[in-house]
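A.B. asks: Return a 3D structure for these sequence lines:
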Amino acid sequence: MARIGYADDSNPDPEFQKLATQIKAERGGRMLNLYKMLLNSPPVAQGWLNLLTAVRKKTVLKGRYRELTILLVAIINGAEYERTAHVPYAKQEGLSDEQVDSLYAWKTATCYTDVDRAVLAYTEAMTQNVHVTDATFAAVSQHFDQREMTELTALVAAYNLVSRFLEALAIDPEKK
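C.D. replies: Predicted structure coming up:
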């Protein structure tokens, strides 16, 4: 159960309703519990929506790497809500069941490409240590240009934000 209440979506404030409508439009017509919580602070919810929409939907980074990154961040941080939400997206981006399931032991799994492994190592370093070694950076940056490296780095950072917010407030998973 969430540690604080979700925002009341019947809030009559026009700015609140405008933002709630935008969230639903950008998130497949649904108001996820994550956004119900964020709406407790409309300015934070607006900034969050802008950032997460940018890193998920407006980048040139291939979806495969995006979803590998998001899933690994969720696994490392123990953010089951986040992991569960992104498994369908990972499969839409072409990841196999084996690749999704093997993320728990990605270092020994044989189902990833060299590029996948470089992305996963970078993601793990940023998530666990914050600091990334020169060797880890060199391994991943040989596969991506400056824009893609910026997008990958922002993605890892943003989804660490997501998992920390979800877990600190114990946001409830969506009901099926």
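A.B. asks: residue nearest the centroid of the protein?
C.D. replies: Y159 (3.8 Å; Cα atoms, centre = their mean).
A.B. asks: Which of the three states applies to it?
C.D. replies: When classified by DSSP: H, G, I helix; E, B strand; the rest coil, Y159 comes out as helix.
A.B. asks: Not including adjacent chain positions, what is the nearest residue to it?
C.D. replies: Spatial nearest neighbour of Y159, excluding adjacent residues (Cβ to Cβ, 6 or more residues apart in numbering): V73 at 4.3 Å. For every residue, glycine as well, the C-beta is placed using N, CA and C.
A.B. asks: ok, that neighbour to I23 distance?
C.D. replies: Applying Cβ to Cβ, to the nearest Å, the value for V73 to I23 is 22 Å.
A.B. asks: how distant is the worst-scoring helix or strand of the chain on mean pLDDT from the center of its chain?
C.D. replies: Using mean pLDDT, DSSP states H and E, helix 14-26 stands out as the lowest-scoring helix or strand of the chain, at a mean of 92. In terms of Cα atoms, centre = their mean, to the nearest Å, the centre of helix 14-26 is set 21 Å apart from its chain centre.
A.B. asks: cool, and stretch 17-30?
C.D. replies: Chain-centre distance of stretch 17-30: 18 Å, with Cα atoms, centre = their mean.
A.B. asks: tell me which residues of that stretch are tucked away?
C.D. replies: 19-20, 23 (16 or more other Cβ atoms under 10 Å).
A.B. asks: I'd say A125 and V132 touch.
C.D. replies: Yes. With contact defined as Cβ atoms under 8 Å, A125 reaches V132; the gap is 4.5 Å.
A.B. asks: Show me what stretch 74-87 is in contact with.
C.D. replies: Stretch 74-87 is contacted by residues 32-34, 67, 70-71, 73, 100, 103-104, 124, 127-128, 159-160, 162-164, 166-167, 171-174 when judged by Cβ atoms under 8 Å, 6 or more residues apart in numbering.
A.B. asks: please redo it, this time with the cut-off set to 10 Å
C.D. replies: Defining contact as Cβ atoms under 10 Å, 6 or more residues apart in numbering, one finds that stretch 74-87 is touched by 32-34, 56, 66-73, 90, 93, 95, 97, 100-101, 103-104, 106, 123-124, 126-128, 159-160, 162-167, 170-174, 176.
A.B. asks: Now the buried members of those.
C.D. replies: Buried subset of the contacts of stretch 74-87 (neighbour count, 16+ other Cβ under 10 Å): 32-34, 56, 66-73, 90, 95, 100, 103, 106, 123-124, 126-127, 159-160, 162-163, 165-167, 171.
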